[in-house]
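In: Prediction below, plus the sequence it came from.
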Amino acid sequence: MDVTIGNDPLVNWESFQQARSELGANFVRILGYFREDGIKSVDRIEDAMRGHNATAMVIPAHTLKGESRQFGADPLSEVAETIEMIARGCIERRETPTEALEHVVKLRPLFETTLDMLEREANPLVARKPAAAFGRRPVL
């Protein structure tokens, strides 16, 4: 299943396959790091938003932007980049990052949906018929 925002897919599968090919046996491990780092980055961005702290948004947004792009998660990368750029502008102008709020609100659901898609593609489960309980005939 390919989820989209407008007409754009959440994952550029060509980029995903390229990363998978280049990373080889390390791919699943690095995708796990993306999960861990992404959760931390989203948490830090949300905390910084609650604290009206533009400076605290920059590094986690920058990290999420780069790691997302590596796996072909272009819309996630673009939202993270928007948050990063807004935060950098706010630092220069000495303002609170209120204009980032709408993007921060979208970030967690976008991250979770995208991560789910990446992990399913990296490790698809094989659909199976339910196993029969011991001593019972399988239902066909």
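Out: Looks like it arrived, so ask away.
In: What about residue 78, how many residues nearby?
Out: Residues near residue 78, counting by other CB atoms under 10 Å, number 17. No exception for glycine: its C-beta is placed from N, CA and C like everyone else's.
In: Now do the contacts for residue 123.
Out: With CB atoms under 8 Å, 6 or more residues apart in numbering as the criterion, the residues that contact residue 123 are residue 28.
In: Could you shift the numbering so residue one becomes 48, and keep it that way?
Out: Okay, residue one is now 48; in that scheme the one you just asked about reads as residue 170.
In: now it: how far from residue 164?
Out: Separation of residue 170 from residue 164 (CB to CB, to the nearest Å): 12 Å.
In: ditto for residue 116
Out: Residue 116 sits at a distance of 15 Å from residue 164 (criterion: CB to CB).
In: So between the two, which is more surrounded?
Out: Taking residue 116 and residue 164 together and counting by other CB under 10 Å, residue 164 has the greater number of neighbours (21 against 18).
In: Look up how far residue 148 lies from the more buried one.
Out: Residue 164 sits 26 Å away from residue 148, going by CB to CB.
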